[in-house]
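Asker: one predicted model, sequence on top.
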Amino acid sequence: MDALELARKLQEEATCSICLDYFTDPVMTSCGHNFCRECIRLTWEKAKGRKGGRKRKGSFPCPECRELSPQRNLRPNRLLTKMAEMARQHPDFQSRDLCAVHQELLKLFCEDDQIPICVVCREAREHRPHRVVPIEEAVQEYKEKVKEQRRRIMVEFEKVGLLLLEEEQRLLQALKAEDEEVGARLRESSATLERQGHSLEMLLLQLEDRNEHSPLQMLQDMKELLNRKNSLSVQYPEVTPTVLRTVCRVPGQIEVLKSFQEDVVLDPTTAYPYLLLYESRQRRYLTTPLEGALHSKERFLAYPCAVGRETFSSGRHYWEVGMNLTGDALWALGVCRDNVSRRDRVPKCPENGFWVVQLCKGKKYMPSASAPTPVTLAEPPSHMGVFLDFEAGEVSFYNLKDGSHLHTYAQQQFSGPLQPFFCLGAPKSGQMVISTVTLWVKG
């Protein structure tokens, strides 16, 4: 007999046949059967009420064998009390190892229903046509599946790692080639300007030398100098654009960021008085112009701005913004501290609690005046993503049209909670769409 079978037998011995639970204050009848004291009392009480239930005064039939047993002869079974307590505490005796219907050990696994069953269930009509295996075999098969899945995950991630490495090398090579190309063109332009400067300098020296001659000699040499001057054509070098064509784009990065996506909800109580918020699902305006009305300290009065209701002080968060803007729009997008100045016009830079990418006229997308290099794109983005990694102290911006990275602010840590920040510059500058809310400035 194995350990599980022994546990099952001991469990049966510690179980009352009336309540089907472990014995509580077990007593033994004169015929040798055991029951919970309360269970046998209730059973005999019910027998009193039935017609012909009492066969002899003070005696009742045993629920197991129906032999008459005097009620006064019930004897406590202390050994069974200890056994029942052990069964309650021992993990091998727990009912989870037994079939709830047949109280038999769950030795088999039905693969069709994906549940453990007992040998009695196996012969039942619902399981008879199913594929049933020993539970140990099912456990081993599951372990093999886990092992195989683990191998596949490692192989697939290794494959993706190689693809990313190849893409990294391709982008770095493209950037190197662009650097060499632009550098060569700039050096060629510099050499051309240097040659032309040298020729002009020589002509100037000759003119100064002729200045020392007599007037007649100067007139005789003038024709030659004019011919040389006319033959010297000053060529300006072609304009060499220094805007990088090679963009930072990591395959699959946006899909990874989407796992941190937040449903950002704008807070109408913070919106600039003439910044309109329209909820498309509810088909109603969340704000209306507040001409002459008193304004709360939470409302932006210096710019057409609003913030999200969410305040982030930990974790990673990502949200997307749709953009339908005119070419000369003025706008800003990113995060701000929850205590930034809302009544004063201040530069939107990290020193003032703003981490934003903004558009100025001329299609320049720049972080702030304090940033080392502005982010410049060829065309306004139609869809942007913002990723905040609070613990890392980073705010990153992405052009979702091609998945390219635009800019990342990085500092050791943020000094306080942050909120999503949205700003439109003026009427007729276009619209922003955050989740299901569209915002624009009333003209």
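Answerer: All right, it came through fine.
Asker: name the element residue 41 belongs to?
Answerer: Per DSSP states H and E: residue 41 is located in helix 37-49.
Asker: after that helix, next one along is what?
Answerer: Taking DSSP H and E, what comes next after helix 37-49 is strand 59-61.
Asker: just checking: what are the partner strands of the helix or strand following that following strand?
Answerer: Using DSSP H and E, the helix or strand that follows strand 59-61 towards the C-terminus is strand 68-70. Using DSSP bridges, the strands paired with strand 68-70 in its sheet are strand 59-61 (antiparallel).
Asker: give me the below-cutoff pLDDT ranges for this structure.
Answerer: Within the chain, the stretches with pLDDT under 70 are 1-5, 7-8, 49-57, 90-96, 203, 206-244, 288-295, 327-329, 360-380.
Asker: what's the single longest helix in it?
Answerer: Using DSSP state H to define each element, the chain has its longest helix at helix 135-210.
Asker: packing partners of that one?
Answerer: Using 3 or more CB pairs under 8 Å, 6 or more residues apart in numbering; DSSP states H and E, the elements in contact with helix 135-210 are strand 108-110, helix 215-231. From N, CA and C alone the C-beta is placed, and that goes for glycine too.
Asker: what residues sit buried inside the longest strand anywhere in the chain?
Answerer: For the chain, the strand reaching the highest residue count under DSSP state E is reported as strand 316-325. Going by neighbour count (16 or more other CB atoms under 10 Å), the buried part of strand 316-325 is 316-321, 323, 325.
Asker: can you check stretch 25-34 too?
Answerer: By neighbour count on 16+ other CB under 10 Å, the buried set for stretch 25-34 is 26-30, 33-34.
Asker: phi, psi of residue 11?
Answerer: Main-chain dihedrals, residue 11, degrees, to the nearest 10: phi -70, psi -40.
Asker: verify the stated contact: it with residue 87.
Answerer: Yes - the pair residue 11 and residue 87 qualifies as a contact (CB atoms under 8 Å) at a distance of 5.6 Å.
Asker: that older thread, closest to residue 251 out of the buried residues of strand 316-325?
Answerer: For these, the residue nearest residue 251 by CB to CB is residue 318; the value is 17.3 Å.
Asker: distance of the closest one from residue 398?
Answerer: Counting by CB to CB, to the nearest Å, the separation of residue 318 from residue 398 is 9 Å.
Asker: cool, and residue 418?
Answerer: Applying CB to CB, the value for residue 418 to residue 398 is 18 Å.
Asker: ditto for residue 21
Answerer: Distance from residue 21 to residue 398, counting by CB to CB: 61 Å.
Asker: give me the more crowded residue out of those two.
Answerer: Each of residue 21 and residue 398 has its neighbours counted (other CB atoms under 10 Å); residue 398 has more, 26 against 14.
Asker: how far off centre is the helix or strand hosting that one?
Answerer: Per DSSP H and E: residue 398 is located in strand 394-399. How far strand 394-399 lies from its chain's middle: 14 Å, per CA atoms, centre = their mean, to the nearest Å.
Asker: quick one: strands adjacent to that strand?
Answerer: Here strand 394-399 has these sheet partners by DSSP bridges: strand 383-389 (antiparallel), strand 404-410 (antiparallel).
Asker: could you count how many residues lie near residue 122?
Answerer: Neighbours of residue 122 under the rule other CB under 10 Å: 14.
Asker: try residue 81
Answerer: By other CB under 10 Å, neighbour count at residue 81 equals 16.
Asker: can you check residue 172 too?
Answerer: Neighbours of residue 172 (other CB under 10 Å): 11.
Asker: what lies in contact with the helix holding residue 41?
Answerer: Residues from elsewhere that reach helix 37-49 (CB atoms under 8 Å, 6 or more residues apart in numbering): 16, 18-19, 24-27, 29, 35, 53-54, 60-61, 63, 71, 74, 76.
Asker: drop anything exposed from these.
Answerer: The neighbour count (16+ other CB under 10 Å) marks 16, 26-27, 29, 35, 54, 60-61, 63, 74 as buried among those.
Asker: CA-only coordinates of the strand holding residue 398 in CSV, if you can.
Answerer: Taking Å, rounded to 0.1, in the frame of the first residue of the first chain, the C-alpha atoms of strand 394-399 are listed here in CSV:
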residue,chain,number,x,y,z
GLU,A,394,13.4,59.5,-18.1
VAL,A,395,10.7,60.9,-20.4
SER,A,396,10.9,59.8,-24.0
PHE,A,397,9.0,60.8,-27.1
TYR,A,398,8.3,58.8,-30.3
ASN,A,399,6.8,59.5,-33.7
